[in-house]
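**Student:** Pasting the sequence and the predicted model now:
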Amino acid sequence: MTAPHSTSPQELSGRSLYDKDGQKVGSVQQVYLDDASGEPEWVTVRTGMFGTKETFVPLGGAQISPDRLQVPYGKEDIKEAPRIEAGGHLDPAEEENLYRHYDMSASGGRTGRRPEDTAGAPRTAEPSRSAGTPAPAGAPAPAARERETARVRGTPEITRSEERAYIDTEQHESGRARLRKHVVTEDVRTTVPVSHEEVRVTREPVGPEERTRSSASPIEEAQVELTLHEERPVVRKETVPVERVRLEAEKVTEEEEVSTKVRKEQVDYDSGRGKGSEETPGRTGRGGRDDRFT
C-alpha cells in the first residue's frame with residue numbers, strides 16, 4: 001500500500017487531493033511513512049466546512065500527476081474515516097480501524113507509521129514493532145491489546161443502514177419586476193413681464209411767430225391715427241432627457257432553518273443469555289465497533 005518509489009514526501013505535501021470521481025477533497029497536510037520500507041503509505045487531508053479536520057487516506061492505488069494526487073476512494077468515504085489525531089505515531093489499533101473503513105486487507109503483522117512533516121524531516125516517534133512481536137520485558141501492554149479475542153470466520157452478519165440528510169439549495173423563480181413609464185399632466189405656473197402702449201394726449205400752444213408764418217387752416221373735421229402695441233405671453237415646449245432609470249437584481253443572503261427526518265436501522269441481538277438491542281449513536285465508519293458476547 002505504498003506510493004510509487006519515485007515520489008518523496010516533499011512532493012506529496014501540499015498537493016491537492018482528489019477522489020475517484022475527480023472531486024477535490026482538500027490539500028495534503030502530512031505524509032506517513034512505512035517504518036519498514038520508509039515509503040509513503042498514508043497522507044492526511046484537511047476536510048470539513050472550514051478545513052479544520054485532518055483525515056487519513058491510504059496511498060494504495062493512488063495516481064500522481066504534476067498538479068494533483070488522485071486516490072481510488074469516494075469523497076464521502078474519506079470525510080467519514082475514523083477520527084484519529086494527526087501528528088503522532090499511528091499505532092496498530094488505529095491503523096486497523098482505517099484498514100476496515102477503507103475495505104483494505106493486509107497479510108501478516110503490520111508496523112506502526114511515523115509522520116513526515118512539511119519540511120521533510122521525520123518527527124520523533126517511539127520505535128514500532130509488528131503485531132506479533134512481544135513487548136520488551138517489564139513494559140506494560142498497550143491498552144488496545146489488553147484482551148485478545150479470537151474471531152470466528154464465516155460468522156453471519158447483517159448490514160445496518162441509515163438515512164443521511166444532505167441540505168443544499170436550488171434556484172427558483174420568485175417573481176418578476178417590471179419597469180413602466182406613463183404620461184401625467186401637471187400645472188406649471190410662472191410670472192413673466194409684458195408691456196403695452198397707452199395713449200396720452202398732450203397740448204402745446206402755437207406761438208406768435210409760428211402764427212404769422214403759417215396761415216390758419218380751414219375749420220373742418222379731421223382725424224389722425226396712432227398704432228398701439230402690446231406684448232403677450234407665448235408658450236413653447238420641447239422634450240429633453242432628464243434621467244435614466246433601470247432595474248437591477250441584488251443578491252441578499254440570509255439564514256433559514258431547515259428541518260427534516262431521517263430513518264436508521266437498529267440492531268437487536270440474542271446472545272443465548274438474554275436479548276438486547278443497540279442503537280449506534282451518530283455516524284460510524286465501516287468496521288464500526290464489535291459486539292462481543294462472553
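**Tutor:** Structure's in. What do you need?
**Student:** can we go C-alpha only for contacts and neighbour counts from here?
**Tutor:** OK.
**Student:** how about low-confidence regions in the stretch 51-200 of the chain?
**Tutor:** Along the stretch 51-200 of the chain, the parts satisfying pLDDT under 70 run over 51-52, 86-88, 105-155.
**Student:** Kindly recompute the last result at 90.
**Tutor:** Counting by pLDDT under 90, the stretch 51-200 of the chain contains low-confidence ranges at 51-55, 60-61, 64-68, 79-99, 103-160, 164, 166-171, 174.
**Student:** what's the burial count for residue 43?
**Tutor:** Neighbour count of residue 43, defined by other C-alpha atoms under 10 Å: 25.
**Student:** pLDDT wise, what is residue 221 at?
**Tutor:** pLDDT recorded at residue 221 is 90.
**Student:** just checking, it is part of a helix?
**Tutor:** No. With DSSP: H, G, I helix; E, B strand; the rest coil as the criterion, residue 221 is assigned coil and is not in a helix.
**Student:** Any idea how many residues pack against it?
**Tutor:** Neighbours around residue 221, by other C-alpha under 10 Å: 5.
**Student:** Please apply the same query to the one 10 residues further on.
**Tutor:** Other residues within reach of residue 231, judged by other C-alpha under 10 Å, total 10.
**Student:** what do you get for residue 205?
**Tutor:** Residues near residue 205, counting by other C-alpha under 10 Å, number 5.
**Student:** sec struct for it, please.
**Tutor:** coil.
**Student:** What distance do you get for residue 245 to residue 179?
**Tutor:** Plainly put, residue 245 is 8 Å away from residue 179 if you go by C-alpha to C-alpha, to the nearest Å.
**Student:** Could you do residue 253 as well?
**Tutor:** In this view, residue 253 and residue 179 are 25 Å apart by C-alpha to C-alpha.
**Student:** Let's see the pLDDT reported for the closest residue to residue 164 other than its chain neighbours.
**Tutor:** In space, residue 164 comes closest to residue 262 once its chain neighbours are excluded; the distance is 6.4 Å by C-alpha to C-alpha, 6 or more residues apart in numbering. pLDDT recorded at residue 262 is 92.
**Student:** give me the number of residues near residue 262?
**Tutor:** Neighbours of residue 262 under the rule other C-alpha under 10 Å: 8.
**Student:** Report the contact partners of it.
**Tutor:** 162-165 (C-alpha atoms under 8 Å, 6 or more residues apart in numbering).
**Student:** Just put these in TSV and tack on distance to residue 65, secondary structure and neighbour count.
**Tutor:** As requested, those are arranged in TSV below (distance: C-alpha to C-alpha, whole Å; DSSP: H, G, I helix; E, B strand; the rest coil; neighbours: other C-alpha atoms under 10 Å):
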residue	distance to residue 65	secondary structure	neighbour count
162	37	strand	11
163	36	coil	10
164	34	coil	11
165	34	coil	11
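**Student:** Tabulate those residues (a markdown table), appending distance to residue 219.
**Tutor:** Below are those laid out as a markdown table (distance: C-alpha to C-alpha, whole Å):
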| residue | distance to residue 219 |
| --- | --- |
| 162 | 134 |
| 163 | 130 |
| 164 | 128 |
| 165 | 124 |
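**Student:** Please pick out the residue of this structure most distant from its centre.
**Tutor:** Within the chain, the residue lying farthest from the chain centre (C-alpha atoms, centre = their mean) is residue 212, at 116.8 Å.
**Student:** Show me what counts as buried in the strand ranked longest in the chain.
**Tutor:** Under DSSP state E, the strand in the chain containing the largest number of residues is strand 24-34. Within strand 24-34, the residues that count as buried by 16 or more other C-alpha atoms under 10 Å are 25-34.
**Student:** Give the buried residues for the following helix or strand past that strand.
**Tutor:** Per DSSP states H and E, the first helix or strand lying C-terminal to strand 24-34 is strand 40-47. Using 16+ other C-alpha under 10 Å as the test for burial, strand 40-47 gives 40-47.
**Student:** Where do the helices of the protein begin and end?
**Tutor:** Taking DSSP state H as the test, the helices found in the chain are 9-12, 75-79, 92-101, 208-213.
**Student:** Kindly calculate the angle that the longest one makes with strand 40-47.
**Tutor:** This means helix 92-101. Angle, helix 92-101 to strand 40-47, by axes from the mean of the first three to the mean of the last three C-alpha atoms, to 10 degrees: 70 degrees.
**Student:** Give me the neighbour count for residue 19.
**Tutor:** Count around residue 19 with other C-alpha under 10 Å applied: 20.
**Student:** no no, residue 13
**Tutor:** 21.
**Student:** Please apply the same query to residue 8.
**Tutor:** When neighbours are counted by other C-alpha under 10 Å, residue 8 comes out with 14.
**Student:** gap between the spatially closest residue to it that is not a sequence neighbour and residue 53?
**Tutor:** Leaving aside its sequence neighbours, residue 8 sits nearest to residue 40 (C-alpha to C-alpha, 6+ apart; 7.5 Å). As judged by C-alpha to C-alpha, residue 40 and residue 53 stand 21 Å apart.
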